[in-house]
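**Student:** I would like the atomic coordinates for the input below:
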Amino acid sequence: MTESSPLRVFCTAGLLVLTLSWGATAGEPAPRRSLWNGFERLDFTCGGRSCMLVLPKKPAPGNPWIWRTEFFGHEPQADIALLGKGFHAAYVNVQNLYGAPVALDAMDAFYACLAKEYRLAPKVVLEGFSRGGLFAFNWAARNPEKVACLYVDAPVCDFKSWPGGKGRGKGSRSDWERCKQVYGLSEAEALAYRLNPVDNLAPLAKAKIAILSVCGEADTVVPIEENTRLVQRRYEQLGGEIEVIAKPHCDHHPHSLKDPAPIVDFILRHTRGKQ
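**Tutor:** Residues are numbered from 1 along each chain as shown. Here you go, the predicted model:
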């Protein structure tokens with residue numbers, strides 16, 4: 001720590017406040033410190049759920065942050081690059097909840113925690129990998145005023161496509177049964193459901209939230225035509241801004257880009273002035 005990084009001092013002070021307040025009032029354990037790719041990582045709980053926040057060495061003005069909704073640490077090159085530019089990187093474990101309302105409730109609590117304890121930017125960059133797309137799109141539709149932009153990667157945009165497997169994709173029977181259960185839907189109700197991301201883009205378009213989707217043209221798990229391309233057509237019809245980087249001959253993996261510069265540039269363009 002140096003005298004030239006006052007925001008870094010705030011983060012450390014924030015940790016002390018967090019430790020005292022959670023231990024005294026919320027009954028949550030104190031955060032555990034470690035390193036993640038050379039950056040300080042805090043592991044803690046919020047509402048009984050495992051959470052994580054990775055701190056930049058020198059926070060950028062306004063304390064910008066990116067929120068990985070699933071698979072934290074997988075193909076992390078964009079996250080690491082953004083940490084180097086002063087972003088925080090965050091994650092809350094809502095696995096096996098498929099973007100259902102119960103998951104969004106937990107995400108609301110996590111957002112409130114970070115806003116209160118760390119004074120992070122009021123508008124977050126949502127990062128949805130694969131099934132994480134359900135969380136990213138659904139939370140953005142619920143909270144459009146809290147979202148700077150979306151970066152999604154081979155995203156699930158309709159649970160009928162995955163895990164349902166009702167189109168060209170392979171689907172997952174066990175995930176489909178769990179998905180229906182957490183949403184509280186029967187098979188018929190799930191097939192008729194109209195709040196999947198592909199059906200619920202108007203709140204994002206109205207808020208002028210830009211979307212970047214990176215995906216494989218040959219994805220056999222989350223087919224591009226049933227997910228990103230459908231979102232693209234509908235979002236453009238609503239007047240929304242969306243960029244698609246489609247990787248030729250690429251299946252569901254690998255995610256991201258070897259050189260994350262296009263992703264980082266997109267995020268920087270859409271976070272300036274939103275902190």
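**Student:** where do the strands sit along this structure?
**Tutor:** 32-36, 39-46, 49-55, 65-68, 88-92, 124-129, 147-153, 210-216, 242-247 (DSSP state E).
**Student:** what's the closest of those to Arg168?
**Tutor:** Across those, Arg168 has its closest neighbour in strand 210-216 (13.5 Å, C-beta to C-beta). C-betas here are computed from N, CA, C, even on glycine.
**Student:** Name every strand pairing with that closest one and say which way it goes.
**Tutor:** When sheet partners are counted by DSSP bridges, strand 210-216 sits next to strand 147-153 (parallel), strand 242-247 (parallel).
**Student:** which phi and psi does Val94 have?
**Tutor:** phi -130, psi 40 (degrees, to the nearest 10).
**Student:** List the contacts of the closest residue to it other than its chain neighbours.
**Tutor:** Sequence neighbours aside, Ala103 is the residue nearest to Val94 in space, at 4.2 Å (criterion: C-beta to C-beta, 6 or more residues apart in numbering). By C-beta atoms under 8 Å, 6 or more residues apart in numbering, the contact list for Ala103 reads Val94, Leu97, Phe135, Asn138, Val182.
**Student:** Next: Gly84.
**Tutor:** For Gly84, the contact set (C-beta under 8 Å, 6+ apart) comprises Pro56.
**Student:** With Lys258 instead?
**Tutor:** Here Lys258 is in contact with Gln77 (C-beta under 8 Å, 6+ apart).
**Student:** Report the buried residues of the lengthiest helix in the chain.
**Tutor:** In the chain, taking DSSP state H as the definition, the longest helix is helix 101-118. For helix 101-118, the neighbour count (16 or more other C-beta atoms under 10 Å) marks Ala103, Leu104, Ala106, Met107, Phe110, Tyr111, Cys113, Leu114, Glu117, Tyr118 as buried.
**Student:** Using a markdown table, lay out those together with distance to Lys160 and pLDDT.
**Tutor:** Shown next, in a markdown table, are the buried residues of helix 101-118 (distance: C-beta to C-beta, whole Å; pLDDT from 0 to 100):
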| residue | distance to Lys160 | pLDDT |
| --- | --- | --- |
| Ala103 | 18 | 98 |
| Leu104 | 19 | 98 |
| Ala106 | 24 | 97 |
| Met107 | 22 | 98 |
| Phe110 | 27 | 97 |
| Tyr111 | 28 | 98 |
| Cys113 | 33 | 93 |
| Leu114 | 32 | 95 |
| Glu117 | 38 | 89 |
| Tyr118 | 37 | 89 |
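**Student:** Much appreciated, bye for now.
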